[in-house]
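Colleague: 3D model of this:
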Amino acid sequence: MPAASDPNAIATEKRAFSAAHFSLLVDGQPNGLIKSIEGGGIKVDPITYTQGGPLKSAERYWKQLGRPKFDDIKLQIGMSASAPFYKWVVDFFAGTQTRKNGAILAGDFNYNVRAKRIFSEGLLREFTLPALDANGKDALYATVAIAVERIDYQPGAGGEKLDPQVKDTEKTKLWKQADFKFNLSGFDMTGVNKIEPITLKQNIIDYASGGLRAITKTPSTMEYPNISFTVPESHVKSLVDHFNEYGNASQKMKDFTSRIPEGSIEYLGSDGVTKATLKLYQLEIFNIQPDKADSGTDNIKNVKVELFCEKMEFEYK
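Modeller: Below you'll find the model as predicted:
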């Protein structure tokens, strides 16, 4: 903290600022650029008590504070985050995630740390892999929701700077919308041009116990999302043939061995090297929908295909 004898430093510390840069710390490890952040608020519901007595008696009612509640921290973070952060993500996909302590650091235009939100016992509630587009040029940002048991607000210490990694946007630029490879066992998927965002969710249960004012949080069941992608109509025949054989209502229902055993989405760097892989298991096509046809447009005719998936794994290179 600045010395009390330095009035200029104290004035600077208390001056309002525009938070232009943010950093996520997980177990003390910085994780690069955060595009946006929300949540992390603190709330306590007031409780009103009543007792017998005259209706007009002021002493008949009184209020006190109930249990504190801490909102989830939701943020968009560059896919070029640190290996320890991705270890947390890998464990989350495997259903074995661990609790993490960390902080959100808010910096001003000059990367001076001006405020901190320190959280404890954090659990990943949601992790969204961004949309992919063969014609896209934007960098990739994952969306993360962190359920926490406690949040403390603190001012930035004098002279503290955001980690230099926050300034390094070159690593973020290595992950682009257009750099991906979709694989599906038994099919040629080179024509896939879009993949919708993929959000994995884990239910978090609030557990209140006697003697503790705060609510503890416990991870519960996982919700694996469907996979939705777009492919030109000229490349969809093998998918339609499979769907007609195993999903068409006019055909006899086949056993579980008919399912597509596995697939994957590879996230490539601008150098063509695989940075991360989302592995998919026990898939099946349940929806094939052609785009709206319009004779007045010269757009490529695409077909949207949806798959269900029973299990996912995330692998970080």
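Colleague: from here on, contacts and neighbour counts on C-alpha atoms
Modeller: OK.
Colleague: What ranges does the stretch 51-200 of the chain have for its strands?
Modeller: All strands of the stretch 51-200 of the chain, identified by DSSP state E, counting those that start in this stretch, fall at 61-70, 73-78, 100-107, 113-129, 132-133, 141-147, 150-155, 175-184, 194-195, 198-207.
Colleague: mind checking which of those strands is nearest residue 94?
Modeller: strand 198-207 (11.0 Å; C-alpha to C-alpha).
Colleague: Centre of the chain to the very next helix or strand once past the closest one, how far?
Modeller: Proceeding N to C from strand 198-207, the next assigned helix or strand is strand 216-223, under DSSP states H and E. Offset of strand 216-223 from its chain centre (C-alpha atoms, centre = their mean, to the nearest Å): 16 Å.
Colleague: buried stuff in strand 216-223?
Modeller: Residues 216-217, 219, 222 are the ones in strand 216-223 that count as buried (16 or more other C-alpha atoms under 10 Å).
Colleague: Pick out the most distant pair among those residues.
Modeller: Farthest pair in these, by C-alpha to C-alpha: 216 and 222, 18.8 Å.
Colleague: hmm, back to that, among the buried residues of strand 216-223, which one lies nearest to residue 39?
Modeller: residue 217 (17.0 Å).
Colleague: Now for that closest one: which residues touch it?
Modeller: Going by C-alpha atoms under 8 Å, 6 or more residues apart in numbering, residue 217 touches 147-149, 204-207.
Colleague: can you rerun that using 7 Å?
Modeller: 149, 204-207 (C-alpha atoms under 7 Å, 6 or more residues apart in numbering).
Colleague: Nearest residue to it in space, please, no chain neighbours.
Modeller: residue 206 (4.8 Å; C-alpha to C-alpha, 6 or more residues apart in numbering).
Colleague: Run through the residues that contact the one you found.
Modeller: Residues in contact with residue 206 (C-alpha under 7 Å, 6+ apart) are 215-218.
Colleague: I'd like the distance between the residue nearest the centre of the chain and residue 37.
Modeller: For the chain, the residue nearest the mean C-alpha position is residue 144 (2.4 Å; C-alpha atoms, centre = their mean). From residue 144 across to residue 37, the span is 10 Å (C-alpha to C-alpha, to the nearest Å).
Colleague: Need the overlap of contacts for the two.
Modeller: Counting by C-alpha under 7 Å, 6+ apart, the residues touching both residue 144 and residue 37 are 74-76.
Colleague: Now distance to residue 302 too, for those, in CSV please.
Modeller: What follows is those, written out as CSV (distance: C-alpha to C-alpha, whole Å):
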residue, distance to residue 302
74, 33
75, 32
76, 30
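Colleague: picking up where we left off before, just the local confidence number for the residue nearest to residue 217, please.
Modeller: On the pLDDT scale, residue 206 is placed at 85.
Colleague: Ok, residue 297 next?
Modeller: Confidence score, pLDDT, at residue 297: 68.
Colleague: picking up where we left off before, and the contacts of residue 217, which is closest to residue 300?
Modeller: Nearest to residue 300 among the contacts of residue 217, counting by C-alpha to C-alpha, is residue 204 at 42.8 Å.
Colleague: I'd say that closest one and residue 219 touch.
Modeller: Yes. Contact criterion C-alpha atoms under 7 Å: residue 204 and residue 219 qualify, at 4.6 Å.
Colleague: Compute the number of surrounding residues for residue 121.
Modeller: Residue 121: 17 surrounding residues under other C-alpha atoms under 10 Å.
Colleague: any idea how far the residue nearest to the centre of the chain is from residue 76?
Modeller: Noted for residue 144: a distance of 6 Å to residue 76, by C-alpha to C-alpha.
Colleague: cool, residue 222 as well?
Modeller: Separation of residue 222 from residue 76 (C-alpha to C-alpha): 21 Å.
Colleague: who touches the top helix by length along the chain?
Modeller: Ranked by residue count, the top helix of the chain under DSSP state H comes out as helix 83-94. The contact list for helix 83-94 (C-alpha under 7 Å, 6+ apart) reads 26, 97, 124, 312-316.
Colleague: what do you get if the cut-off is 8 Å, keeping everything else the same?
Modeller: Residues outside helix 83-94 that contact it (C-alpha under 8 Å, 6+ apart): 26, 29, 31, 97-98, 124, 127, 200, 312-316.
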